[in-house]
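Peer 1: What follows is a predicted structure for the sequence shown.
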Amino acid sequence: MGELQPQRGSIKWAEKASLGYYAQDHAHDFDSGVNLTDWIAGYARASASEGDDLETLIRGTLGRLLFSGNEVRKPVKVISGGEQGRMIFGKLMLMKTNVLVMDEPTNHLDMESIESLNTALEKFKGTLVFVSHDREFVSSLATRILEIRLDGTLVNYLGTYEEYLASQGLA
């Protein structure tokens, strides 16, 4: 995602890839005094089609992220880590990407939010690449496992997490 340069070779995404990124640490996205409505409105304006009711899109997105009433006027710099995560998910929904790269997306989320994220990602029609230490999350979504071992070797396993563990004698 541009945060690290490859030690050798290069990275090239498909021409029609539209990337969305959920960073493990996204606090820098929330270091301003702008309120939740204005923050999400920037992404809503960028994704809105002609004829869309922008106000409805913004309020609907915030509602789906469990923000309502006066909460939507809170400055983004005071929201919790879990609330920041929900706002990033809203941004990604509005961006309408076809490739999601997610680094520890379940960090700071309560069980209800994790279940909602799981449901949304199961329905996602694009490509999902994620890193997670949450074994239940990995088990529910992964269809291919890439393990980078300490010695630098790469294991590329096509199958579920449980199948991978069994193939390694760990299940």
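Peer 2: Right, received. Where do you want to start?

Peer 1: Tell me which helix or strand residue 156 sits in.
Peer 2: strand 154-158 (DSSP states H and E).

Peer 1: going on from that strand, what's the next piece of helix or strand?
Peer 2: helix 161-167.

Peer 1: next one: that next one to chain centre, how far?
Peer 2: With C-alpha atoms, centre = their mean, to the nearest Å as the basis, helix 161-167 stands 25 Å off its chain's centre.

Peer 1: Strands along the chain, start to end?
Peer 2: For the chain, applying DSSP state E gives strands covering 19-22, 99-103, 127-131, 144-148, 154-158.

Peer 1: So which of the ones you listed is nearest residue 83?
Peer 2: Among the strands of the chain, the nearest to residue 83 by C-beta to C-beta is strand 19-22 (14.4 Å). For glycine as for every other residue, the C-beta is placed from the backbone atoms N, C-alpha and C.

Peer 1: So which other helices or strands are in contact with the closest one?
Peer 2: helix 81-95, strand 99-103 (3 or more C-beta pairs under 8 Å, 6 or more residues apart in numbering; DSSP states H and E).

Peer 1: hmm, 10 Å instead?
Peer 2: If contacts are counted by 3 or more C-beta pairs under 10 Å, 6 or more residues apart in numbering; DSSP states H and E, strand 19-22 sits against helix 81-95, strand 99-103, strand 127-131.

Peer 1: Make TSV from those and add mean pLDDT and distance to residue 145 to it.
Peer 2: Shown next, in TSV, are these (pLDDT from 0 to 100; distance: least, C-beta to C-beta, whole Å):
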stretch	mean pLDDT	distance to residue 145
helix 81-95	92	23
strand 99-103	97	15
strand 127-131	96	11
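
Peer 1: Out of those, which is closest to residue 16?
Peer 2: strand 99-103 (9.5 Å).

Peer 1: Now do that closest one against helix 81-95, angle only.
Peer 2: 170 degrees (axes from the mean of the first three to the mean of the last three C-alpha atoms, to 10 degrees).
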